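> Kindly generate the corresponding structure for this input.
(2 chains)
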Protein chains: 2
Amino acid sequence: MPTYTPPLRDMQFVMHEVLKVTDEYKSIPRYADIDAETINAVLEQGGKFAAEVIFPLNITGDEEGCRLDPKTHEVTTPKGFKEAYHQCVQAGWPALSCDPDYGGQGLPLVVSQAFNEMMNSANQAWTMYPGLTAGAYAALRVHGTPEQKRMYVPKLASGEWTGTMCLTESHCGTDLGLLRTKAEPQGDGSYKLTGSKIFISAGEHDLTANIVHLVLARLPDAPKGSKGISLFAVPKFRVNQDGSLGARNPIFCTGLEHKMGIHGNATAQLTLDGAVGTLVGEPNKGLMAMFVMMNAARVGVGMQSLGLTEVAYQNALAYAKDRVQMRSLSGTKAKDKPADPIIVHPDVRRMLLTAKAYAEGGRALAQFCALLIDRELNHPDEKVRKDAAELVALLTPIVKAFITDNGWISTSACMQVFGGHGYIKEWGMEQFVRDARINMIYEGTNGIQSLDLLGRKILGDNGAALKRFGKMVAQLVEEEGVNEKMAEFINPIAYLGEQMTKFTTEIGFKGFQNPDEVGAASVDYLRVAGHLVFGYFWARMAQVALREIAAGNTDPFYQGKLQTARFYFAKLFPETATLMRTARAGSKVLMDTDLALA
Amino acid sequence: MPTYTPPLRDMQFVMHEVLKVTDEYKSIPRYADIDAETINAVLEQGGKFAAEVIFPLNITGDEEGCRLDPKTHEVTTPKGFKEAYHQCVQAGWPALSCDPDYGGQGLPLVVSQAFNEMMNSANQAWTMYPGLTAGAYAALRVHGTPEQKRMYVPKLASGEWTGTMCLTESHCGTDLGLLRTKAEPQGDGSYKLTGSKIFISAGEHDLTANIVHLVLARLPDAPKGSKGISLFAVPKFRVNQDGSLGARNPIFCTGLEHKMGIHGNATAQLTLDGAVGTLVGEPNKGLMAMFVMMNAARVGVGMQSLGLTEVAYQNALAYAKDRVQMRSLSGTKAKDKPADPIIVHPDVRRMLLTAKAYAEGGRALAQFCALLIDRELNHPDEKVRKDAAELVALLTPIVKAFITDNGWISTSACMQVFGGHGYIKEWGMEQFVRDARINMIYEGTNGIQSLDLLGRKILGDNGAALKRFGKMVAQLVEEEGVNEKMAEFINPIAYLGEQMTKFTTEIGFKGFQNPDEVGAASVDYLRVAGHLVFGYFWARMAQVALREIAAGNTDPFYQGKLQTARFYFAKLFPETATLMRTARAGSKVLMDTDLALA
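Numbering: from 1, shown residues only, chains lettered A, B, ... in the order given. I've put the predicted structure just below:
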């Protein structure tokens, strides 16, 4: 059976030593009083909850899955999920970073993000129930009417009710412009919705008394395509004025998907048969309102794979130290044992360090993004808010796609460390791989993320956002360019930064003539950008470690950090050599293939 | 539901136009009379059997799995498996390439290899039952006593009984030197075996009346480690002199593993409680005898992933043409539809072509290997046999590891083409991914394959085997070096060949001083070698295609082949740029990491 230990030390390193979040919070009035001790204490408790309450339900939840009663349309979640959920709400975890005006605890997103990482290490399927709720909370808090805010937001903040995102229909996923669900106005300000949705995560369950579905649908007079989509709040049970629950709304679960992984989460087919809802935001601007939710969700998906990478790593490391098999090529290491622990083998270490370097690089990026969002939402200076928002927009597809691709690579590598035992369910490793696989798909496939990054975020604003990140790299290069000890970390990113700048201009010109050039390069481009960002954070982490060591700090953590940084630059970052080449290969080798793909 | 069409055209292209197998068979008396028509007719029938009988059992087999009755120790395979197996035996498919002296049909391995590919496309879990049998047949035919040959080999050849390989114990997989199962001589030439085995594929089932287990065990006076291991034939039911079945032998299935995939195959825990067996080969030389089986099995594992890559590709291609979603970046392509088929998107094509290029490259390599084994086993000239054997030994770890790693990449890419639908069981794509994952692990993990390649096969003979392959590359370069049209295919392999030669010398020196240098480079090295081999076969396939086109052949197959070759060299082969760099990174970044891996 797998185990999980919250990586508190590394989280604190990133927050307090690399990003120095509490210094930053001094200029954000809402968070000015928050100190490191408070953050650390919350994370310690959060880690305890994840490891002790949620993690033990991971394998059993996968085995049992969710059950639909086709008569009542009710879904039963795996044994223990409901009790754990009540414990979670009781302890106030869903409200961690919610607005105190709606009963939230008002802690920075940096804290809830770290909590989410741990919850996803513990049990991705379970964590999706409150996870989707956080998105619904954010969308209604920004775009909801006063009535919707009063009625739904406090219940979503506390977790007393959960939320969903109802976008996909069987014929439309990526292309929401094709959707068909209809909303008929009732004359009383409400709407009756009719249609079918699929792939609705946490779409039906027995954890809470009510579920607030946020549903995309078309008004009768709506323009065709994506400009004719509106957003509606459709509760499972209608809500009376006094907040008590009224009649069952006809939004029924009519099927549960059988999936590769995340079995503990109910992926529902929902049939809306005149379900009553209210409009969220402006008519026909539903996609915009939904995007608040979707952006949060995309960062959230990155957190899911970060969590899986960490827990897979921990278990593979433990196994590699425990399992004895063969002798080291360079001579016996464990004379007292019948064979050496497999951690003596170079390639076993490569697999372990791959997961470690991706987990720790991902954590630094994720925490940085959370800090940016804290700035974006709460900094008093508008210019600071705007700059932060632009950088978040740039980094979001990287968090989503790069961290989830790395999560796939890492969980698979960690499973490989176990040999045949990794393929067997009881060890838990293959579940991490299966669960991680969805993260490359939902909330916009990683291919879509790469088009969002290169097409919209980078070329769409003539590279301005990229330059903003480039400035951060340039500043680090300037700071440390003469420091010999930092050369091994600084030189690769300085060189890659230059290459990327050139290539971005190049692809901008080519894409102008033929947009398929952008689509042909985008996936490789995103991975290059991901390595530039990870390289930057690894250099910053190495910088802190070197400074501590120079100052006489003997905590082995810092030497370990340096060793991991060296591994990252020697074994993972060089992927960019190939990616720059394949990104440059152009669209012809892909598009001029009709006979190959006949 | 997925579909499968046997890729007969491409198989025939490889056999008859690239490798020209029947020309080669003219110098092998046993096969001198075989013509292309015969081969094609057999493959057509074989493809029909795979697609119509075995493929429909793939998803149902995965869903149902195998069931063990703990009282009787009997295993029930999924519905339809048994009937399909009887049909298979009736039609003589297991005997395809078996020796006519034992009732086989005596066809070349090239034919049975192609048949295996199709069977694995259709249903890997099912195909493992006869697949393991082929290994047992081979081991007993070479190392069996006359009595064992008489008793077992014809039954294994026909498939009337199946065979297994019982190597692994819970504490020893890779490191067979640690194994503990004991064999006590009984004075009558037989032995009583006691111990526990795990991970025994096809280890118990209801398909046949008897199962012949080949079991590794220790004699009482055996030396420690891998030099004290002997091989035994242990039938499930003892066999009387007249060939009828006798008493149940106490080799019982005491558990079935719950696995990520290949659910339709029974992965058994076997308990031997004084089971009676007979010695195969010399005492304490069991590993050598088992290696006959293991080498065949390793090539067989490559075939499994080749099959999965092909079937995943076919389904992703069909889906990409059918599914409409978004418009092409370069302007609407299907004006009559609400959106364009997703095959218009460059990155969707990249995913499809990745699978296609890996499938067709793998097929060329696999067929070439089969041809080499036909030479090795049956060519009248000893020198030819020896040369062929050396080349097979070199290529076996590449077939096993490179094709299975590519299968993982390809099945995952094909699943990604389906978006959210790829994650849902009913589409069948996620099963291909789950099934493909075991192939990187069993019959020696891909890490072990890379050590076998670099440590034993290449450095172990001072690069002689590699030079043999290098000569084939050099010959092609010489043939086509002045042909401008071939430059795009020839230059990359010529350059990589030089780089590899240099690097091999380099790593030889470094490894002499520190063997961990070999372990640190080996996995990257194997992938480089894989691309050199695939690059060579892609160049040869392009050569044939160019010649046909030049000769006025208008079959679009050849243009399609060229397009795929161009894609391969532009988008997949450049992975070697990174791999050469990471292979050179040395052992220090991996081994000097004790604090990182604390």
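> Now do the contacts for the residue in the stretch 351-500 of chain A that chain B sits nearest to.
Per CB to the nearest CB, the residue of the stretch 351-500 of chain A with the smallest distance to chain B is residue A:430, at 3.8 Å. All C-beta spots, glycine's among them, are computed from the backbone N, C-alpha and C. Shown in contact with residue A:430 (CB atoms under 8 Å, 6 or more residues apart in numbering or on different chains): A:415, A:422, A:423, A:424, B:259, B:260, B:437.
> Leaving out the residues flanking it, which one is nearest to the fifth one?
To tie it back to what came earlier, the one meant is residue B:259. Using CB to CB, 6 or more residues apart in numbering or on different chains and skipping residues adjacent in sequence, the residue nearest residue B:259 is residue A:423, 5.4 Å away.
> Would you mind listing the residues in contact with that neighbour?
Contacts of residue A:423 (CB under 8 Å, 6+ apart): A:415, A:430, B:259, B:260, B:261, B:437, B:438, B:441.
> Drop anything exposed from those.
With neighbours counted using 16 or more other CB atoms under 10 Å in any protein chain shown, these contain these buried positions: A:415, A:430, B:259, B:260, B:261, B:437, B:438, B:441.
> Could you report the neighbour count for residue A:420?
19 (other CB atoms under 10 Å in any protein chain shown).
> Could you verify my assumption that it touches residue B:199?
Yes. Using CB atoms under 8 Å, residue A:420 is in contact with residue B:199, at 5.0 Å.
> quick one, domains of chain A?
Following automatic domain parsing, one gets these domains for chain A: A:14-146, A:162-285, A:453-589.
> how long is the longest one end to end?
Think domain A:453-589. 22 Å (CA to CA, to the nearest Å).
> Please apply the same query to stretch A:316-331.
23 Å.
> So which bits of stretch A:39-46 are buried?
A:39, A:40, A:42, A:43, A:46.
> Return the list of helices and strands in contact with the host helix or strand of the last one.
Secondary-structure element containing residue A:46, defined by DSSP states H and E: helix A:36-49. Helix A:36-49 is packed against helix A:8-12, helix A:21-25, helix A:109-143, with contacts defined by 3 or more CB pairs under 8 Å, 6 or more residues apart in numbering or on different chains; DSSP states H and E.
> about what we covered before: kindly reformat the buried residues of stretch A:39-46 as a markdown table containing distance to residue A:461 and pLDDT.
What follows is the buried residues of stretch A:39-46, written out as a markdown table (distance: CB to CB, whole Å; pLDDT from 0 to 100):
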| residue | distance to residue A:461 | pLDDT |
| --- | --- | --- |
| A:39 | 34 | 98 |
| A:40 | 38 | 98 |
| A:42 | 37 | 98 |
| A:43 | 36 | 98 |
| A:46 | 37 | 98 |
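> Filter the contacts of residue A:430 down to just the ones in helices.
A:415, B:437 (DSSP state H).
> how about JSON lines for the contacts of residue A:430, with distance to residue B:411 and pLDDT added?
JSON lines is the format used below for the contacts of residue A:430 (distance: CB to CB, whole Å; pLDDT from 0 to 100):
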{"residue": "A:415", "distance to residue B:411": "15", "pLDDT": "98"}
{"residue": "A:422", "distance to residue B:411": "17", "pLDDT": "98"}
{"residue": "A:423", "distance to residue B:411": "15", "pLDDT": "98"}
{"residue": "A:424", "distance to residue B:411": "20", "pLDDT": "98"}
{"residue": "B:259", "distance to residue B:411": "16", "pLDDT": "98"}
{"residue": "B:260", "distance to residue B:411": "13", "pLDDT": "98"}
{"residue": "B:437", "distance to residue B:411": "9", "pLDDT": "98"}
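> from the contacts of residue A:430, which is closest to residue A:101?
residue A:415 (45.2 Å; CB to CB).
> Surely the closest one is in contact with residue A:424?
No. Taking contacts as CB under 8 Å, residue A:415 lies outside contact range of residue A:424: 10.2 Å.
> Next up, the contacts around the residue of the stretch 151-300 of chain A found nearest chain B.
Nearest residue of the stretch 151-300 of chain A to chain B, counting by CB to the nearest CB: residue A:260, 3.8 Å away. Remark: with contacts taken as CB under 8 Å, 6+ apart, residue A:260 is in contact with A:434, A:437, A:438, B:423, B:424, B:425, B:430, B:433, B:434.
> measure it to residue A:434 for me?
Look at residue A:260 and residue A:434: by CB to CB, to the nearest Å, they are 5 Å apart.
> Overlap in contacts, those two.
Contacts common to residue A:260 and residue A:434, judged by CB under 8 Å, 6+ apart, are residue B:434.
> helices or strands up against the single longest helix found in chain A?
Counting residues, the longest helix found in chain A (DSSP H) is helix A:286-322. On a contact count with 3+ CB pairs under 8 Å, 6+ apart, helix A:286-322 meets helix A:109-143, strand A:162-166, strand A:211-217, strand A:230-235, helix A:346-378, helix A:382-397, helix A:403-417, helix A:429-438.
> Could you check the angle the second one makes with helix A:286-322?
With axes from the mean of the first three to the mean of the last three CA atoms, to 10 degrees as the criterion, the two stretches strand A:162-166 and helix A:286-322 enclose an angle of 110 degrees.
> Also the last one?
Using the same axes, to 10 degrees, one finds that helix A:429-438 and helix A:286-322 are set 160 degrees apart in direction.
> Now the element after helix A:429-438, going C-ward?
By DSSP H and E, the next helix or strand past helix A:429-438 is helix A:446-451.
> One more: the first one?
Next helix or strand after helix A:109-143 toward the C-terminus (DSSP H and E): helix A:146-158.
> I'd like the mean pLDDT over that next one, please.
Helix A:146-158 shows a mean pLDDT of 97.
> Could you do stretch A:130-142 as well?
Per-residue scores along stretch A:130-142 average to 93.
> Same question for stretch A:224-244.
96.
> now the end-to-end length of it.
End residues of stretch A:224-244 are separated by 38 Å (CA to CA).
> ok, for residue A:100, nearest residue in space, not its chain neighbours?
residue A:106 (4.3 Å).
> how about that neighbour, secondary structure?
Classification of residue A:106 by DSSP: H, G, I helix; E, B strand; the rest coil places it in coil.
> hang on, the earlier thing: quick one: the contacts of residue A:423 as a markdown table, columns for distance to residue A:516 too.
A markdown table is the format used below for the contacts of residue A:423 (distance: CB to CB, whole Å):
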| residue | distance to residue A:516 |
| --- | --- |
| A:415 | 36 |
| A:430 | 38 |
| B:259 | 42 |
| B:260 | 37 |
| B:261 | 36 |
| B:437 | 33 |
| B:438 | 38 |
| B:441 | 39 |
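> List just the nearest of those residues to residue B:327.
For those, the nearest to residue B:327 is residue B:437 (35.7 Å; CB to CB).
> and residue A:227, how many neighbours?
Residue A:227 is flanked by 12 other residues according to other CB under 10 Å.
> wait, what's in contact with it?
Contacts of residue A:227 by CB under 8 Å, 6+ apart are A:177, A:284.
> Against residue A:220, how distant is it?
From residue A:227 to residue A:220 the distance is 15 Å (CB to CB).
> buried set for stretch A:17-30?
By neighbour count on 16+ other CB under 10 Å, the buried set for stretch A:17-30 is A:17, A:18, A:19, A:21, A:22, A:24, A:25, A:28, A:30.
> From residue A:258, how far off is the closest residue to the residue of the stretch 151-300 of chain A closest to chain B other than its chain neighbours?
The spatially closest residue to residue A:260, leaving aside those adjacent along the chain, is residue B:430, at 3.8 Å (CB to CB, 6+ apart). As for residue B:430, its distance to residue A:258 is 10 Å (criterion: CB to CB).
> Spell out which residues are contacts of both of the two.
residue B:424.
> wait, which of the helices and strands packed on helix A:36-49 is closest to residue A:501?
Residue A:501 lies closest to helix A:21-25 among the helices and strands packed on helix A:36-49, at 27.8 Å (CB to CB).
> Quick one: end-to-end distance for stretch A:547-565.
With CA to CA applied, stretch A:547-565 spans 14 Å between its terminal residues.
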